Structures are given as C-alpha cells and as structure tokens.
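Participant: Need coordinates for the following:
(one chain, ligands or ions: 1)
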Amino acid sequence: MLRKGVLFVISGPSGVGKGTLKKALLENMNDLLSSISVTTREPREGERDGWDYFFVTEESFEKKIDQGELLEWARVFSNMYGTPRDFVASNLEHGQDVLLEIDVQGALQVKKKMPEAVLIFVAPPSIHELAMRLTSRAQDSAESISSRLAASEDELKQIDYYDYLLINDDINDTLAKLESIVSAERCRVKNLELR
Ligand code: 5GP
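Facilitator: Residues are numbered from 1 along each chain as shown. Reported below is the predicted structural model:
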C-alpha cells in the first residue's frame, strides 16, 4: 500500500534564488523528485538537454500542447515553458513527492487542476535587491533584466493564491523554512492516507 505523493510548486521572480534553493532542497531531501520542464528557449552555457530542460522547437512544443502532454504551460519572457504531465502523474501515483519550479501563470493552472498541490512563493526582500541580484549574476542582457523586473512586480501581486510565502533574506534561513514546509506537509493526515 502506498501513500499519495505530494506535489510541491515553487515560484518567485527571476533572480530571487529559486534555483539555489531548489538545488539545496533536492540535495538535503533526496526523496523529493524534480520535474524537468520542456522549453523553447535556447540552452544557456553549461545547460544540458534532458537535465536542465528538454529543449524543443516551438512546433514540437505546440504539438505537446495539442496532444495534452503538458500539465501546465506558459509563455515567459517570449519563450514557452511547460511541465510534462505523465512524469508528474505517474510519480504521484507511485507515492513519490514531486517538485516543480515554475512561473506564477503555470502554478495557478496547477492549483486549479490539483487543489491539493502545495504552492510556495519565494519573494525578494525588495525589488531593489532583486535588481542588484539580476545584474550581478551577469546572465541576462539589460533589456532582459528590465522585462524580468516588470514581470516580478506582476508576479508579486499573485501571492494571495499561494499557500506559503518565504522572504528570501538569508538563503540558509529560507532553506530551513522550505524544508520545514516539506516535512510538515508530508505529515498532514490527508497526505498520509493509504491508497
Ligand atoms: P529560465 O529561463 O530562467 O530557466 O526560467 C524562466 C522562468 O520560467 C522561471 O520563472 C521559471 O520558474 C519558469 N519556468 C521554468 N519551467 C517552467 C514550466 O515548466 N512551466 C512554467 N509555467 N514556468 C516555468
């Protein structure tokens, strides 16, 4: 007999530290499985297909939408991103907890389809701080940084739809809180029900 898997969804503005948090969380809680998204964006230096993302053409992405292969999808900064449905469904079915790191539009689609999903929003201490982080990681052009900042302001307005809010002042502190959320959700009676 298996318990149901719990679906954790992390969102937050680009540059807030989601990537670092996700990596550390997966290292510390190795029974949590991360979903690999499909995207039409070009790989960045060092990114590997099938590891960081499944990099596909727009045509192939649209085919996946049409064939119902995506649990959710969204256009973010002129590229498309989506979560493979089967991977998530089959792992949850087998009692495996799954982690998604996706944007707000996608997270809200997931919550609509799966109200039991646990939505966690990671926010920066301030927009100014976020601008500093985006600039210092030197990954994006000035134009991309300003569109990411504008999108962040929109995303911050959606916090009400989330179950948890973490203000990422200090990464170790935020990681500890995130681990507590995962542990607590795993202890919820409804999540312990045997199937
Ligand atoms: P990046 O291009 O920096 O890897 O990701 C850009 C944004 O796309 C991030 O906010 C990230 O959370 C979001 N994202 C990544 N994968 C997915 C996905 O499968 N679905 C949605 N809706 N957003 C995603």
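
Participant: Let's test this: mean pLDDT of stretch 104-123, rounded?
Facilitator: On average, the pLDDT along stretch 104-123 is 96.

Participant: what does that stretch rub up against?
Facilitator: For stretch 104-123, contacts defined as C-beta atoms under 8 Å, 6 or more residues apart in numbering pick out 6-13, 16-18, 21, 71-74, 76, 81-83, 100, 102, 154-156, 158-159, 161-168, 174, 178, 181, 185, 190. From N, CA and C alone the C-beta is placed, and that goes for glycine too.

Participant: Kindly report the same for stretch 170-183.
Facilitator: Residues outside stretch 170-183 that contact it (C-beta under 8 Å, 6+ apart): 8, 10, 17, 20-21, 24-25, 28-29, 32, 97, 118, 120, 122, 164, 166-168.

Participant: one step back: quick one, which of the contacts of stretch 104-123 are buried?
Facilitator: Neighbour counting by 16 or more other C-beta atoms under 10 Å classes 6-13, 16-18, 21, 71-74, 76, 81-83, 100, 102, 155-156, 158, 162, 164, 166, 168, 174, 178, 181, 185 among the contacts of stretch 104-123 as buried.

Participant: Can you show me the strands along the chain?
Facilitator: Assigned by DSSP state E, the strands in the chain fall at 7-11, 32-34, 38-39, 54-55, 70-76, 79-84, 97-101, 118-123, 164-167.

Participant: What residue, apart from its backbone neighbours, is nearest L70 spatially?
Facilitator: Spatial nearest neighbour of L70, excluding adjacent residues (C-beta to C-beta, 6 or more residues apart in numbering): G82 at 3.9 Å.
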